[in-house]
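Engineer: The sequence and its predicted three-dimensional model are supplied below.
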Amino acid sequence: MSDSRFTLPESADHARSSLNCEDGEECCQNTSVVGSDIPKTDGAGEPCPTPLMWQEIRERFSQDGDFWELERGPHRIVGRTWGQGRPLYFLNNFVATSELFALTVWLLRDQFQCVVYDTFAMTDSAMTKKSIPAISEFTEDLIAVADAHGDDKFTIYGAAFGAAIALQTALSHPQRLERMVLQHGFAARRLSFFERTLASMCLYSHETLNSLPQRRRFQAVNHQPWFPPYDHSRFEFLVESTGHLSLRDLARRSWAVNSFDVVARLGDIGTPTVLLRTEGEGKVAAESQEVLEARLKHSRTEWMHSAGQHPYLTHPHRVAKLIQAFCDSDSGQE
């Protein structure tokens with residue numbers, strides 16, 4: 001892989017303001033931790049309301065977050081860094097973009113330097129099955145981003161695909177990780193025949209997710225029920241942002257996962273880990289999580305009710321609270 005080039009322009013001063021849950025602390029505490037010293041509750045409360053319109057936070061994220069680019073071989077990494085404090089890296093779900101973390105980043109930006117990014121293929125010549133990256137290559141991208149930021153050690157929040165990158169990083173670069181939060185993580189995944197066929201077709205496509213028929217309906221069925229009733233428009237954030245995803249980049253992620261299998265090595269991972277599970281995770285994700293629970297020696301499980309597959313967007317207060325408590329626990333600040 002060629003040498004990396006990192007560009008980080010000077011940023012404006014970060015504006016600071018508090019963002020509190022309008023229902024107080026109760027709705028943000030309705031989680032239960034298994035095998036943890038994080039306080040438990042009964043999980044029977046209502047979802048968090050919308051404290052600010054997502055449109056405002058998204059705009060602030062775009063304006064105040066430091067924009068940067070990193071070129072690596074046949075693809076480029078584009079991201080934003082927002083906040084100050086301990087380094088915290090957010091790694092994308094399969095069908096997700098970095099800006100979907102904006103609400104959670106907003107809540108954490110005074111305590112953490114939050115780094116989010118997207119990876120894009122640069123040339124058609126990169127789109128061959130021989131050049132499809134493995135998860136290990138996405139891991140090296142992460143390390144390159146951390147090196148460019150000067151972060152020797154950092155914490156990861158990885159969602160599904162991002163969780164696979166986190167696990168590979170814990171194996172290949174264990175000295176770099178402080179902690180991991182793995183949402184709907186998995187240690188191995190194989191594509192079905194239909195998924196392989198679809199991924200092969202999309203690998204050479206110039207279209208985006210918006211071009212797929214019934215795309216919005218599928219997202220509505222799978223995700224809309226988990227969005228807070230206080231702001232029905234927040235689902236539009238998900239639809240709009242993911243609609244611009246390149247089909248060939250989604251295909252690259254799929255093929256990378258198809259060759260990923262670290263089940264036999266999970267016992268070697270010593271990084272403190274929280275496994276985040278939610279209602280709506282699905283049968284495959286549930287089975288994968290159970291493998292991680294059984295084999296990761298330094299992990300504990302957190303259940304989050306009514307949150308779906310994008311809890312950082314549907315219930316950012318609860319995710320931010322989980323991350324804050326986990327990162328503070330080892331330093332005695334809980």
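Structural biologist: Ah, there it is.
Engineer: Compute the number of surrounding residues for Val262.
Structural biologist: Using other CB atoms under 10 Å, Val262 has 19 other residues around it. In this view, the C-beta of every residue, glycine as well, is placed from N, C-alpha and C.
Engineer: Likewise for Gly282?
Structural biologist: Neighbours around Gly282, by other CB under 10 Å: 12.
Engineer: how far away is it from Ile269?
Structural biologist: Separation of Gly282 from Ile269 (CB to CB, to the nearest Å) stands at 24 Å.
Engineer: repeat for Leu247
Structural biologist: With the distance defined as CB to CB, Leu247 ends up 33 Å from Ile269.
Engineer: do the same with Ile323
Structural biologist: In this structure, Ile323 and Ile269 are 19 Å apart, going by CB to CB.
Engineer: When Leu247 and Ile269 are compared, which one has more neighbours?
Structural biologist: Ile269 (24 against 21).
Engineer: Grab the nearest non-local neighbour of the more buried one.
Structural biologist: In space, Ile269 comes closest to Ala170 once its chain neighbours are excluded; the distance is 4.7 Å by CB to CB, 6 or more residues apart in numbering.
Engineer: what ranges do the strands span in the stretch 101-250 of the chain?
Structural biologist: 112-121, 154-159, 177-183 (DSSP state E, counting those that start in this stretch).
Engineer: Out of those, flag the one nearest Leu238.
Structural biologist: Closest approach to Leu238 among the strands of the stretch 101-250 of the chain (CB to CB): strand 154-159, 12.9 Å.
Engineer: contact partners of the closest one?
Structural biologist: Applying CB atoms under 8 Å, 6 or more residues apart in numbering, the contact partners of strand 154-159 are 86-93, 96, 101, 112, 115, 142, 146, 162, 164-167, 169, 176-185, 310, 312, 319, 323, 327.
Engineer: among the residues you listed, which are in helices?
Structural biologist: 142, 146, 162, 164-167, 169, 312, 319, 323, 327 (DSSP state H).
Engineer: Ignoring the adjacent residues along the chain, who's closest to Ser246?
Structural biologist: Distance criterion CB to CB, 6+ apart; nearest residue to Ser246, sequence neighbours excluded, is Thr208 at 5.9 Å.
Engineer: Leu107 too?
Structural biologist: Ala320 (3.9 Å).
Engineer: again, but for Phe227
Structural biologist: The spatial neighbour of Phe227 that comes closest, neighbours along the chain excluded (CB to CB, 6+ apart), is Phe235 at 4.8 Å.
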